[in-house]
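Engineer: need a 3D model of the sequence below.
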Amino acid sequence: MNLKYDYLINEKTVLFYGVRNENGELLTHVIDKDDEFLVPMSPVQLIDKSLISYGSSFKGALYSSTQLLGENRRMYPIKIDASLDIWLFPTKSYKKETCIWFSLNHVKGSQQLGLRFTKVFLSYGHTTEIAMKESAFREKRLNAEVLKEKITTNTKNSMSFMVEPKYGFIIVEEKGRYKCRARNKEKV
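Structural biologist: Numbers count the residues shown, from 1 in each chain. Purely as a prediction, here's the structure:
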């Protein structure tokens, strides 16, 4: 399988997970659109590298998720880049090598397979079967959707505008000195 050294998580990243090579080194197996390859770093290192290139970090993204979703959850989803619409959620603790990270936008559906297995339908015709109850998988996906909604709402509803103050002081520099006078108290 091909190795990609300069890979960053992007809009075409469908999922990724950790694998060990013949030397015991932890690499990341990536499905990116119609391609699959290995990245010579752990999944968390890949996430961190990608987040740093987008102006954040794994630790910062995880902290944001805990603050926005509440600290009573486990296995938090994270935002990679809101403007690129990249949101990830894990199947297990990110500390476990067998954790799969799914890109929210590429999960098209899920189906229960027996008691403890789930088939996940993904973009580009991909499917994967995971050892997880379907209800647990849906909950993790929902947590990612809630995070996306909260961050999207917070960023869309922020307003920036300047209002000329009606009262206060006007400070003007004249001949190298500052003069302070009261603003007219009449309505502007």
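
Engineer: what comes up buried for stretch 119-128?
Structural biologist: Neighbour counts over stretch 119-128 (16 or more other C-beta atoms under 10 Å) mark 120, 122-123, 126, 128 as buried. C-beta: built from backbone N, CA, C; applies to glycine.

Engineer: revised request: answer the last question for stretch 38-49.
Structural biologist: Within stretch 38-49, judged by 16+ other C-beta under 10 Å, the buried ones are 38-39, 41-44, 46-49.

Engineer: quick one: the helices in the chain?
Structural biologist: Under the criterion DSSP state H, helices of the chain are mapped to 43-53, 58-69, 134-156.

Engineer: as JSON lines, those with distance to Asp6 would be great.
Structural biologist: As requested, the helices of the chain are exported to JSON lines (distance: least, C-beta to C-beta, whole Å):
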{"stretch": "helix 43-53", "distance to Asp6": "10"}
{"stretch": "helix 58-69", "distance to Asp6": "18"}
{"stretch": "helix 134-156", "distance to Asp6": "27"}
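
Engineer: out of those, which one sits most buried?
Structural biologist: The highest average neighbour count among the helices of the chain, using mean count of other C-beta atoms under 10 Å, belongs to helix 43-53 at a mean of 19.

Engineer: and the angle for that helix with helix 58-69?
Structural biologist: Counting by axes from the mean of the first three to the mean of the last three C-alpha atoms, to 10 degrees, helix 43-53 lies at 90 degrees to helix 58-69.

Engineer: got a list of contacts for the one helix or strand in the chain whose mean pLDDT sits lowest?
Structural biologist: For the chain, the helix or strand with the lowest mean confidence is strand 169-174, at a mean of 77 (criterion: mean pLDDT, DSSP states H and E). Identification of contacts with strand 169-174 by C-beta atoms under 8 Å, 6 or more residues apart in numbering yields 178-183.

Engineer: re the thing from before, of all the buried residues of stretch 119-128, which two lie farthest apart?
Structural biologist: Between any two of those, the greatest separation by C-beta to C-beta is 11.9 Å, found for Ser123 and Thr128.

Engineer: tell me the pLDDT of the one residue sitting closest to the centre of the chain.
Structural biologist: Residue closest to the average C-alpha location in the chain (C-alpha atoms, centre = their mean): Lys79, at 1.3 Å. The model reports Lys79 with a pLDDT of 95.
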